[in-house]
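Colleague: below are the sequence and a predicted model for it; my questions follow.
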Amino acid sequence: MTRIRPASPADAESIARICLLTGADGGDATGLFADDTALADVFAVPYLYGPACIALAWEVDGEVRGYVLGASDTAEFQQWFSDTWWPSRPHRVERTAGDEWLLLSAADPQRTLSSHLGDYPAHLHIDLLPDQQGRGAGRQLIEAFCAAAADAGAAGVHLVASSANLGAAAFYPRVGFSAIDTTATTTTYARRL
């Protein structure tokens, strides 16, 4: 049996595991960082605790197999992340050269902010384990997140995906997102709510 349900801090371990197993452009990021928990401490777990956060779990037979996490107010979330969350994490000291980009990104107080926040104030991250991909779970999670963000007053939602993640590039337009900004390494997608 599958269902979407609110995620809570009790799901932190499962969510961190999914983040790690999908954190290398959709593939397994295990061992890419000195500390395998660092990736989730930036891109997943804070959404279980922060302000204006929306956290939904995709559960299959009682096991979390995916999620959509984000915030209806990106600016409020980023302020909390920079002032409270990241300073409390143990990864603040660079451990290896491979960790540098992640740690620098997390320490950047502008990391989730963009010139598009006026139109798309909410943002999200979505990850599903491979056995759940291509089965409609992603679409259901996106729709549930968008409904919750609209209920919270957000006029639009955005996300940033790696240009190397070809699955994401194919998926987001199918669920109503359009590319609004592209760099050499990322594409920002957005959807009005």
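Modeller: Okay, I see it. Numbers count the residues shown, from 1 in each chain.
Colleague: for the lowest-mean-pLDDT helix or strand in the chain, buried residues please.
Modeller: Least confident helix or strand of the chain, by mean pLDDT, DSSP states H and E, is helix 100-107 with a mean of 85. Across helix 100-107, burial judged by 16 or more other CB atoms under 10 Å covers 102, 103, 106. Any C-beta I mention is one placed from the backbone N, CA and C, and that applies to glycine too.
Colleague: and the second one, how close does it get to residue 90?
Modeller: Distance, residue 103 to residue 90, using CB to CB, to the nearest Å: 11 Å.
Colleague: next: the first one.
Modeller: Per CB to CB, residue 102 is found 14 Å from residue 90.
Colleague: surely residue 176 and residue 191 touch.
Modeller: Yes: look at residue 176 against residue 191 with CB atoms under 8 Å: they come within range, at 4.8 Å.
Colleague: who touches both of those two?
Modeller: Residues touching both residue 176 and residue 191 (CB atoms under 8 Å, 6 or more residues apart in numbering): residue 146.
Colleague: compare neighbour counts for the two and give me the winner.
Modeller: residue 191 (21 against 16; other CB atoms under 10 Å).
Colleague: just list whatever residues bridge to that one.
Modeller: residue 157 (DSSP bridges).
Colleague: gap between it and residue 123?
Modeller: Taken as CB to CB, the span from residue 191 to residue 123 is 11 Å.
Colleague: common neighbours of those two, please.
Modeller: Common neighbours of residue 191 and residue 123 (CB under 8 Å, 6+ apart) are 157, 158.
Colleague: of the buried residues of helix 100-107, which is the nearest to residue 79?
Modeller: residue 106 (14.3 Å; CB to CB).
Colleague: ok, that closest one - contacts?
Modeller: Here residue 106 is in contact with 41, 42, 86, 89, 91 (CB under 8 Å, 6+ apart).
Colleague: 6 Å - rerun?
Modeller: Contacts for residue 106 (CB atoms under 6 Å, 6 or more residues apart in numbering) come out as 42, 86.
Colleague: now residue 67
Modeller: 7, 15, 57.
Colleague: beta partners for it?
Modeller: residue 57, residue 127.
Colleague: return the distance of it relative to residue 24.
Modeller: 17 Å.
Colleague: what about residue 170, which SS state?
Modeller: Assigned with DSSP: H, G, I helix; E, B strand; the rest coil, residue 170 falls in the helix class.
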